[in-house]
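Novice: next comes the sequence, and after it the predicted model I'd like to discuss.
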Amino acid sequence: MYDDGFKSITNVDFSEIVIQEMQTKNQRRKDMSWQVMDMLQMTFPDATFDVVVDKGALDALYSEETKEIEASVDKMFGEIIRVLKPDGTYLCTTLAQEHILKKFLIFFILKGYAIRLDVIRLSSDDTDLVPFLISVQRRDPKLRGVSLADGEDTTKFAKWQDAMSAVRSIQLSSSELRKLRRIGTGIIARLDLHSSDASSTPRFHLVVVDRKGAKNQGKVAVFIVPMGSEHTWMYSSDEGLLQLAESAQRQRLIVVTLGRGHQFGSMEEVQSEISPKIREMSLGVKEKIPFLATDEGIGKRNVISTFKMKDESQAFVEEVVQNSQKFRRLVFESNSNLIQSEVRLDKNNNIDFGFLAFEHQRVMAASLVFLGGKLLSDPNIKFSVIGLGAGTFPMFLRKNFPGKIDAVELEQSVFDLAKKHFGLKEDENLQVLIADGLHYIRDLAKRGETRDVIIVDVDSKDRSVGMSCPPQDFVSEEILNDLKKITGNFGMLVINFVCRSKEIREKVFSILGTLYGEIHELKVSDDDVNKIICAFGEKRSSPLPLTLSECDAVAREFSQKLKLDDKFNLSELVAAFDWPADQQPISRDTTSTPSSSNNTKPKKKKNNKKK
């Protein structure tokens, strides 16, 4: 700085030895002064300096998150503000570790300062962390806030939390890029790239897939996933991505998904925008890197609505076109690789309520044949569906069966969205209750009310327990006992059950075995942990359909009268149940060990949809 013309520089350090050494090294710089001083208690008068430069002092001081150190950081910041002139600037070089950056932003935002973070891109591999230069100035209130500059791109943030997220993304990206300088095996990195428009949602998602043994094939290629197809098995599962990389015949395939809430132009514009980042992970390839795509190009996805959930996360309603067919979907930001709900639209944008998008819903619908043809004609049949989602399954029941349906949903916002975008309509046959499903079950049992069919289709927010559907409380002994009271001896309990824990599964079936006389466990596909549990209070006998031929006859009757989609063949689903060779009624002795006695045939995975 001195040699560049900034002559009036005062340097301070609490170490007398350091000050003496620096004075000796800088004897020729006559106008620069050196003083032994504690930066937490500086002796300079107020408003002395135009600029205060901190070259790593904050990082050294704030090495641990303790109350004592936090108090020292407050003193440091306070002294910097005191010695700065009113229009002065504080410049801080930092590695921007999360606790340091959070403290920095909150302190100076509350003091009314404008903050700018500049990314310092280094070629050195000494650290995974990217250094930042943070400048702090007093500004007109209209100019206050936090901005981030990375090369030519500058982003202004409405919330300091969004700035934190952007810095975290840059740090993670830098760390991941170091790993990508050599070829690996399998999926070696997943990266989110943000845009410069202050959006909190990533503009691009990248998955890097390596094939170490593919030496005689091309080195690097990029595959652009068409918008609307990101949930398909090929692009959302590890196995599918590995197959895609093999078919591309490259040592490294970089799979790019286009983020929601962003606008994209042509394929050429997407390639141009993302190419600089691709170069950083291209294994030193100098020639042009090929971009691969399907005939759909970048595809089409129109986000028609966004809304916030109770936990402040976002949800999206979007429309996509696949194979000339339009679909409307509900997707949660917290799990954007899964479709929560989906409906099919005709050419006039009307919803087809006979279409069920998810395999587990189709198997649940197939299980209804166990109750026989009375479902098609008896208006007194009572259904309860715990878990509304966008209302697709309750509306399927309403369209096809004359019975009465209660649907229970915890969040009012989800109910409002289902009415506005997914065609949910209440009438004398379908009522929606905004309530906790557990409270609803307890209240029904306490009042002695009964249901012919009660369906539990609820996601769990806690993925750590090894069961993602339903939440554990719904399969507790207390709740299953209440469900048994509600369905009685001849009503049917249906549970969408997704469990990877052998211990939890055995415990659930142990409880079911003591309460129910007949239990069916229907697999959604052979390579999936998703199963549909159907349970009856007592082992049934004729005239209810129990044998394959009887159930097949009901399935054909259902399919004919319901005019179901060709892909939704109830007879095929029923035939796929693992029927006993002698065609005896399916049942389970209440003392038997849990087993998968009734399974559907494996189905080719098409979409990574809600389970």
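Specialist: Ah, there it is. These numbers were taken from a predicted model, which means no experiment stands behind them.

Novice: going forward, measure contacts between C-alpha atoms and count neighbours the same way
Specialist: Will do.

Novice: relative to Phe422, how far out is Ser305?
Specialist: Between Ser305 and Phe422 the computed distance is 12 Å (CA to CA, to the nearest Å).

Novice: neighbour count winner among those two?
Specialist: Phe422 (26 against 14; other CA atoms under 10 Å).

Novice: tell me the pLDDT of the residue nearest to that one when sequence neighbours are not counted.
Specialist: Excluding its sequence neighbours, the residue lying closest to Phe422 (CA to CA, 6 or more residues apart in numbering) is Ala390, at 6.2 Å. pLDDT, Ala390: 90.

Novice: Leu483 contacts Gly448, doesn't it?
Specialist: No: contact criterion CA atoms under 8 Å: Leu483 and Gly448 do not qualify, at 11.0 Å.

Novice: higher neighbour count, those two?
Specialist: Leu483 (24 against 11).

Novice: help me confirm that that one is found in a helix?
Specialist: Yes: according to DSSP: H, G, I helix; E, B strand; the rest coil, Leu483 belongs to a helix.

Novice: follow-up on the earlier one: phi first, then psi, for the residue nearest to Phe422.
Specialist: Note on Ala390: backbone dihedrals following degrees, to the nearest 10 are phi -90, psi 10.

Novice: and it, what is it in contact with?
Specialist: Leu330, Ser341, Glu342, Val414, Phe415, Leu417, Ala418, Phe422, Leu424 (CA atoms under 8 Å, 6 or more residues apart in numbering).

Novice: how about a cut-off of 7 Å?
Specialist: Ser341, Val414, Ala418, Phe422 (CA atoms under 7 Å, 6 or more residues apart in numbering).

Novice: show me where the stretch 401-550 of the chain has its strands.
Specialist: Taking DSSP state E, counting those that start in this stretch to define them, one finds strands in the stretch 401-550 of the chain at 404-409, 430-434, 453-456, 467-469, 492-499, 518-523, 530-536.

Novice: out of the ones you listed, which comes closest to Ser272?
Specialist: strand 467-469 (40.0 Å; CA to CA).

Novice: what's stretch 190-197 in contact with?
Specialist: Asp153, Thr154, Thr155, Ser169, Ser173, Pro202, Arg203, Phe204, His205, Leu206, Val207, Val208.

Novice: may I ask which helix or strand of this structure has the lowest mean pLDDT?
Specialist: Counting by mean pLDDT, DSSP states H and E, the chain has its least confident helix or strand at helix 570-575, which shows a mean of 68.

Novice: overlap in contacts of Leu483 and Gly448?
Specialist: Common neighbours of Leu483 and Gly448 (CA under 7 Å, 6+ apart) do not exist.

Novice: one step back: can you add distance to Val222 and give the contacts of Ala390 back as CSV?
Specialist: Listed next are the contacts of Ala390 as CSV, based on distance: CA to CA, whole Å:
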residue, distance to Val222
Ser341, 30
Val414, 37
Ala418, 37
Phe422, 36
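
Novice: picking up where we left off before, least reliable of the strands of the stretch 401-550 of the chain by average pLDDT, please.
Specialist: Across the strands of the stretch 401-550 of the chain, strand 518-523 gives the lowest mean pLDDT, at a mean of 81.

Novice: for Leu58, the count of nearby residues, please.
Specialist: Neighbourhood size, Leu58 [other CA under 10 Å]: 19.

Novice: how near is the closest residue to Tyr235 other than its chain neighbours to Thr24?
Specialist: Using CA to CA, 6+ apart and skipping residues adjacent in sequence, the residue nearest Tyr235 is Leu241, 5.6 Å away. Going from Leu241 to Thr24 by CA to CA gives 61 Å.

Novice: more neighbours: which of the two?
Specialist: More crowded of Leu241 and Thr24, by other CA under 10 Å: Leu241, with 22 against 9.

Novice: that one reaches His231, doesn't it?
Specialist: No: here Leu241 does not reach His231: they are 11.9 Å apart, not a contact under CA atoms under 7 Å.

Novice: phi, psi for Thr155 please.
Specialist: Taking degrees, to the nearest 10 as the convention, Thr155 sits at phi -120, psi 130.

Novice: look up the residues forming beta bridges with it.
Specialist: Beta-bridge partners for Thr155, by DSSP bridges, are Leu148.

Novice: hey, where'd the helices end up in the stretch 101-250 of the chain?
Specialist: Shown for the stretch 101-250 of the chain, the helices assigned by DSSP state H, counting those that start in this stretch span residues 160-179, 233-236, 238-248.

Novice: what kind of secondary structure is Arg29 in?
Specialist: coil.

Novice: point out where the stretch 401-550 of the chain drops to low pLDDT.
Specialist: 463, 526-528, 539-548 (pLDDT under 70).
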